[in-house]
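In: sequence? don't have it. structure:
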Ligand code: BGC
């Protein structure tokens with residue numbers, strides 16, 4: 001949800017900025033002094049455990065409330081607060097997003113969070129990051145941090161993967177626990193989200209993730225389970241989507257059976273923002289808090305339901321008590337949430353942001369050891385591409401943190417090299433609006449605005465000079481009257497070749513583009529739009545007819561269309577700079593417009609970037625590509641033409657510095673892929689099922705919240721890929737992806753040896769596995785030793801191998817570390833669908849150790865008896 005935007009906007013306008021600076025310089029010391037004098041010293045305070053005393057206090061407070069007041073507490077207020085009840089001295093509690101920085105309340109430190117954190121494979125760092133986020137939250141008086149997000153990266157096109165962790169439930173679980181402990185150690189409640197199976201952004205309010213229980217328990221729920229049972233997270237956020245036909249916020253299985261039942265969750269279960277659809281069903285099925293406001297869980301709905309016995313008053317009490325318990329456990333009534341020891345701007349935080357970037361950036365290709373570059377041998381460097389400047393710190397949507405001073409790839413490298421190296425910079429590609437404005441349409445444009453949503457009725461006609469009224473990412477109120485707009489024109493090719501047809505609209509709108517009567521683009525998803533493009537082949541002088549059918553859902557016309565020839569895309573200066581330079585860095589990938597909340601992204605790189613890389617590689621063989629994005633993306637059109645490739649994920653505000661330190665060998669690259677990198681979208685195991693096209697169907701549902709009926713059409717997404725997510729699929733099929741899960745190159749080399757696994761062990765006991773890791777190269781570096789378990793004698797079919805242990809070791813050249821990993825019962829178990837429990841089939845297991853899901857040089861057998 002983006003609407004604390006008003007707050008952001010205000011903080012950004014000049015006069016408020018001045019007040020902000022003034023407040024920091026003068027008011028803060030005064031406030032701190034006052035706090036000290038009044039004894040209101042806050043200190044980082046971890047929550048105390050539940051106790052009979054807390055239980056008694058919570059009940060005593062509850063007893064002071066009328067039923068009406070209790071119901072008021074079930075809904076949020078002012079977009080980011082719980083409700084206050086001044087008559088009993090209950091203040092409101094403040095919230096903030098989340099995954100890559102404490103964003104909601106002004107500029108912040110933007111970290112390498114989410115998928116970048118997962119690429120570090122560093123559990124100690126996860127705790128440090130959590131602590132920094134907790135401190136940042138306290139510095140802004142925030143009680144609830146609305147993160148971490150831990151949904152599984154099932155598919156590379158899912159728009160919010162960058163906010164989440166990895167494709168693997170074990171890696172997620174290991175990282176989420178210290179992360180939560182870090183946040184909560186600072187006296188701030190972490191909120192694990194989005195529970196559950198919110199694995200796609202398209203149509204997220206109406207999509208039903210239809211999945212069997214075994215797949216849920218083994219793949220999609222363990223990160224949440226670990227957050228609750230091991231991390232003791234005190235808040236959980238229900239997702240927008242439905243699971244097996246029932247919205248998460250009213251899903252009895254997810255909320256009552258699993259979360260509050262099996263896992264014993266004691267904290268607050270809140271909804272995502274406007275993810276509640278039925279007040280009675282939500283109240284009865286575990287939702288404690290409807291955010292951001294009580295649209296459904298309100299007195300109008302719940303009082304009559306309580307009266308007629310559909311909802312019990314004790315159920316309402318149960319929801320309120322959960323909020324009171326956490327409030328007492330965190331001491332929210334006994335201390336100010338603002339901690340004078342913390343600051344909204346902190347140099348220590350910058351170091352944490354840099355560490356995350358350094359640890360996560362993943363080297364995927366380094367042909368002929370082009371990297372590390374020797375700065376002494378570089379006189380001129382070309383830094384090219386849309387992601388070179390300004391810094392791209394994160395993806396778009398509610399996690400978008402506005403960093404104080406983000407370091408771009410351009411400035412990071414230039415600062416690192418200093419004044420004696422000549423830096424040549426070009427964006428390399430035009431802006432999208434430039435393409436819209438510059439497209440030469442043949443014979444003018446006819447724009448027809450119909451008074452209907454289906455291009456019927458008598459249209460108003462006009463003749464604009466271009467099709468380009470676009471403010472990207474823009475969204476607005478729903479239009480009052482339906483309209484549909486048709487643009488009809490023609491395009492005449494100059495040279496023969498490939499032409500890019502580029503179109504974009506505001507976030508809620510839909511459009512279809514037809515060239516010579518053939519539909520080539522269709523953006524129809526109900527929520528969220530990404531700039532789309534298609535490539536067409538045209539002969540010299542060929543003229544094609546162009547029709548754009550645009551359905552605005554907002555009062556404004558917010559649509560653009562352009563056609564540009566491939567060779568014209570890449571700017572002449574970029575080509576010139578590349579040919580003059582000793583080395584070229586091309587920074588491409590996604591950004592907050594092309595990858596973010598509320599829409600999915602393409603697997604292909606954003607438009608023009610393939611052509612840019614190809615042109616740079618043609619101009620200079622020493623071309624290094626850096627990617628920004630939440631996962632794998634299309635590389636097939638250029639990967640064999642470039643010697644080096646770095647995935648930077650979304651590296652946070654210190655990304656540019658980290659890229660420079662890695663390119664020039666000040667830091668050995670140590671990131672490892674937390675997701676499999678596919679060759680093509682079709683190669684991904686979720687592709688046949690993702691959009692619900694295969695086996696999916698739609699049903700119209702009506703839910704009524706006391707006279708507030710809400711119609712919605714459920715889109716069923718059948719998870720036919722079941723357990724075969726990411727590397728589980730590739731290893732089971734015996735096929736090789738482009739880059740496997742766990743893979744990442746280094747400037748040094750490592751070897752694995754001396755695997756010790758007991759030959760037999762009692763089923764259910766802990767099994768120690770030990771081995772050595774040696775740095776066999778010449779540079780200091782870090783390796784992630786990964787342990788995979790296979791269960792060839794299981795009674796049910798299981799993925800060929802599954803990650804069940806890992807350790808990140810830092811080694812000087814020549815040094816060896818002995819690693820011991822203990823495998824617990826869960827490492828050998830699967831979810832038995834008949835017995836509804838975790839089960840081990842005694843018999844043969846295979847233990848493999850190595851540096852990726854594909855490369856496991858150490859293997860041993862183990863028999864569980
Ligand atoms: C997002 C949540 C976020 C909330 C509050 C929603 O749109 O899905 O992740 O915490 O907004 O901003």
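Out: Cool, got the structure. Since we're looking at a predicted model, the values are computed, not measured. Numbers count the residues shown, from 1 in each chain.
In: my guess is residue 393 meets residue 653, correct?
Out: Yes - in this structure residue 393 lies within contact range of residue 653 using C-beta atoms under 8 Å: 5.2 Å. C-betas here are computed from N, CA, C, even on glycine.
In: please enumerate the shared neighbours of those two.
Out: Contact with both residue 393 and residue 653 is made by residues 110, 403, 406, according to C-beta atoms under 8 Å, 6 or more residues apart in numbering.
In: around the ligand, pick out the residues from the stretch 151-300 of the chain.
Out: 193, 272-273 (C-beta under 6 Å from any ligand atom).
In: what's the closest of these to the ligand?
Out: For those, the minimum distance to the ligand (C-beta to the nearest ligand atom) is 3.8 Å, reached by residue 273.
In: please report the distance of residue 725 from residue 251.
Out: 21 Å (C-beta to C-beta, to the nearest Å).
In: check residue 721 too.
Out: 22 Å.
In: more crowded one of these two?
Out: residue 251 (28 against 22; other C-beta atoms under 10 Å).
In: so what sits opposite the nearest residue in space to that one that is not next to it in sequence in the bridge?
Out: Spatial nearest neighbour of residue 251, chain neighbours left out: residue 243 (5.5 Å); criterion: C-beta to C-beta, 6 or more residues apart in numbering. For residue 243, the beta-bridge partners are residue 209, residue 246 (DSSP bridges).
In: please identify which of the shared contacts of residue 393 and residue 653 is nearest to the ligand.
Out: Looking across these and measuring by C-beta to the nearest ligand atom, the closest to the ligand is residue 110, at 16.0 Å.
In: could you count how many residues lie near the closest one?
Out: Neighbour count of residue 110, defined by other C-beta under 10 Å: 29.
In: gap between it and residue 315?
Out: Distance, residue 110 to residue 315, by C-beta to C-beta: 41 Å.
In: that older thread, in JSON lines: the shared contacts of residue 393 and residue 653, plus pLDDT, distance to residue 445 and secondary structure.
Out: Output for those, formatted as JSON lines (pLDDT from 0 to 100; distance: C-beta to C-beta, whole Å; DSSP: H, G, I helix; E, B strand; the rest coil):
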{"residue": "110", "pLDDT": "97", "distance to residue 445": "41", "secondary structure": "coil"}
{"residue": "403", "pLDDT": "96", "distance to residue 445": "41", "secondary structure": "strand"}
{"residue": "406", "pLDDT": "97", "distance to residue 445": "39", "secondary structure": "coil"}
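In: let's have these in CSV, adding distance to residue 512.
Out: Output for these, formatted as CSV (distance: C-beta to C-beta, whole Å):
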residue, distance to residue 512
110, 37
403, 38
406, 37
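In: quick check, pLDDT for the residue in the stretch 551-700 of the chain that the ligand sits nearest to.
Out: The stretch 551-700 of the chain approaches the ligand most closely through residue 597 (5.9 Å), counting by C-beta to the nearest ligand atom. In this model, residue 597 is scored at 92, pLDDT.
In: spit out the contact partners of it.
Out: Shown in contact with residue 597 (C-beta under 8 Å, 6+ apart): 159-160, 163, 201, 395-399, 528.
In: could you report the neighbour count for the residue in the stretch 51-200 of the chain that the ligand sits nearest to?
Out: Across the stretch 51-200 of the chain, the shortest distance to the ligand (C-beta to the nearest ligand atom) belongs to residue 146, at 3.8 Å. The number of residues packed near residue 146 is 30, by other C-beta under 10 Å.
In: what do you get for the one 5 residues further on?
Out: The number of residues packed near residue 151 is 24, by other C-beta under 10 Å.
In: now swap in residue 368 and tell me
Out: Neighbour tally, residue 368, other C-beta under 10 Å: 9.
In: next, it: secondary structure please.
Out: The three-state label given to residue 368 by DSSP: H, G, I helix; E, B strand; the rest coil is helix.
In: so who does the most centrally placed residue in the chain touch?
Out: Of all residues in the chain, the one closest to the mean position by C-alpha atoms, centre = their mean is residue 163, 2.0 Å from it. Residues counted as contacts of residue 163 (C-beta under 8 Å, 6+ apart) are 98-100, 113-115, 147, 149, 395, 397, 399, 597, 630.
In: ok, and the most crowded of those?
Out: That'd be residue 100 among those, by other C-beta under 10 Å, with 36 neighbours.
In: so what's it up against?
Out: Residue 100 makes contact with 110-114, 163, 393-394, 399, 401, 650, 652, according to C-beta under 8 Å, 6+ apart.
In: same question for residue 409.
Out: Applying C-beta under 8 Å, 6+ apart to residue 409 gives the contacts 383, 387-389, 391, 585, 587, 626, 655-656, 659.
In: can you show me the strands along the stretch 401-550 of the chain?
Out: 422-426, 441-450, 460-462, 484-492, 497-505, 510-515, 518-523, 532-538, 543-551 (DSSP state E, counting those that start in this stretch).
In: list the strands paired with the last one, with their directions.
Out: What that stands for is strand 543-551. Partner strands and pairing direction for strand 543-551 (DSSP bridges) are strand 484-492 (antiparallel), strand 510-515 (antiparallel).
In: C-terminal to that strand, what's the next element?
Out: Moving toward the C-terminus from strand 543-551, the next helix or strand (DSSP states H and E) is strand 559-565.
In: now the closest residue to the residue of the stretch 551-700 of the chain closest to the ligand other than its chain neighbours: phi and psi?
Out: Residue nearest to residue 597 in three dimensions, not counting chain neighbours: residue 397, with 2.4 Å by C-beta to C-beta, 6+ apart. Dihedral pair for residue 397: phi 110, psi -150, per degrees, to the nearest 10.
In: shouldn't residue 397 be in contact with residue 596?
Out: Yes - between residue 397 and residue 596 there is a contact at 4.2 Å, judged by C-beta under 8 Å.
In: the helices in the stretch 251-400 of the chain, which residues?
Out: 252, 279-284, 299-307, 313-329, 347-360 (DSSP state H, counting those that start in this stretch).
In: now the third one: average pLDDT?
Out: The one in question is helix 299-307. On average, helix 299-307 scores 96.
In: can you give me the pLDDT of residue 41?
Out: So residue 41 comes in at 46 (pLDDT).
In: my bad, residue 713
Out: On pLDDT, residue 713 comes in at 80.
In: also residue 9?
Out: Note for residue 9: predicted pLDDT of 31.
In: do the same with residue 317
Out: Note for residue 317: predicted pLDDT of 98.
In: grab the nearest non-local neighbour of it.
Out: Of all residues not flanking residue 317 in the chain, residue 62 sits nearest, at 6.1 Å (C-beta to C-beta, 6+ apart).
In: tell me how many other residues surround residue 673.
Out: Residues near residue 673, counting by other C-beta under 10 Å, number 28.
In: contacts only, for the closest residue in space to it that isn't next to it in sequence.
Out: Leaving out its chain neighbours, the residue that sits closest to residue 673 by C-beta to C-beta, 6+ apart is residue 743, at 5.1 Å. The contact partners of residue 743, taken as C-beta under 8 Å, 6+ apart, are 364, 672-673, 677, 851-855.
In: then residue 845?
Out: 789-793, 828, 861-864.
In: host element of it?
Out: Following DSSP H and E, one finds residue 845 within strand 843-850.
In: ok, now which ones touch the closest residue to residue 417 other than its chain neighbours?
Out: Among residues not flanking residue 417 along the chain, residue 375 sits closest, at 5.9 Å (C-beta to C-beta, 6+ apart). Applying C-beta under 8 Å, 6+ apart to residue 375 gives the contacts 416-417, 421, 664.
In: and those residues, which is closest to the ligand?
Out: Nearest to the ligand among the contacts of residue 375, with distances taken as C-beta to the nearest ligand atom, is residue 416, at 35.0 Å.
In: touching, that closest one and residue 665? I think so.
Out: No - using C-beta under 8 Å, residue 416 is not in contact with residue 665; the gap is 11.0 Å.
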